[in-house]
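Participant: take this sequence and fold it.
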Amino acid sequence: MGWVVAVVDGRFELKTGTLKTFVETAESGRRRALGFCPECGTRIVAKPVEGERGLVSLRAGSVRQRDQLRPRAHIWARSAQPWIDLRELPKIEKQR
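Facilitator: Numbering: from 1, shown residues only. Purely as a prediction, here's the structure:
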């Protein structure tokens, strides 16, 4: 998956360009709109589909201010690789 930055929906604005969008359905049945760079195919953002509420997840590598970001939680910790050491962070597991 990679590192993501959670943003409250409505607080994220793409400053330039237009992303290509694909709608994915998760194991839970929830649908998410995934936004990709039209040039290289890198996923930039995942957000609720139009009309639904939820968090926007930005790929940390696509955020210019990534050096200012500090982890606050480890999501889906059960599937973490053994070399990841985030013991001091709260853990949030996948909801079914």
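Participant: tell me the SS of the residue most central in space within the chain?
Facilitator: Residue closest to the average C-alpha location in the chain (Cα atoms, centre = their mean): S57, at 2.7 Å. At S57, secondary structure determined by DSSP: H, G, I helix; E, B strand; the rest coil is strand.
Participant: low-confidence bits of the chain, can you list those?
Facilitator: 1-2, 9, 74-77, 86-87, 89-96 (pLDDT under 70).
Participant: could I have stretch 25-38 exported to CSV, CA atoms only?
Facilitator: Extracted in CSV, the C-alpha atoms of stretch 25-38 (Å, rounded to 0.1, in the frame of the first residue of the first chain):
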residue,chain,number,x,y,z
THR,A,25,-14.9,-1.7,-4.6
ALA,A,26,-13.2,-2.8,-1.4
GLU,A,27,-13.7,-6.1,0.4
SER,A,28,-16.2,-4.2,2.7
GLY,A,29,-18.3,-3.2,-0.3
ARG,A,30,-17.3,0.5,0.0
ARG,A,31,-16.4,2.2,-3.2
ARG,A,32,-13.4,4.5,-3.5
ALA,A,33,-12.5,6.8,-6.4
LEU,A,34,-8.7,6.4,-7.1
GLY,A,35,-6.9,9.3,-8.8
PHE,A,36,-3.9,8.6,-11.0
CYS,A,37,-1.3,10.7,-12.8
PRO,A,38,-2.3,10.6,-16.5
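Participant: buried ones in that stretch, by neighbour count?
Facilitator: 32-35 (16 or more other Cβ atoms under 10 Å). C-beta coordinates here come from the backbone N, C-alpha and C atoms, glycine included.
Participant: got these as TSV, with distance to A80 and secondary structure columns?
Facilitator: Output for the buried residues of stretch 25-38, formatted as TSV (distance: Cβ to Cβ, whole Å; DSSP: H, G, I helix; E, B strand; the rest coil):
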residue	distance to A80	secondary structure
R32	22	strand
A33	26	strand
L34	23	strand
G35	26	strand
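Participant: what bridges to the residue nearest to the centre of the chain?
Facilitator: Under DSSP bridges, the beta-bridge partners of S57 are A6, A46.
Participant: since that was my last question, I'll sign off now.
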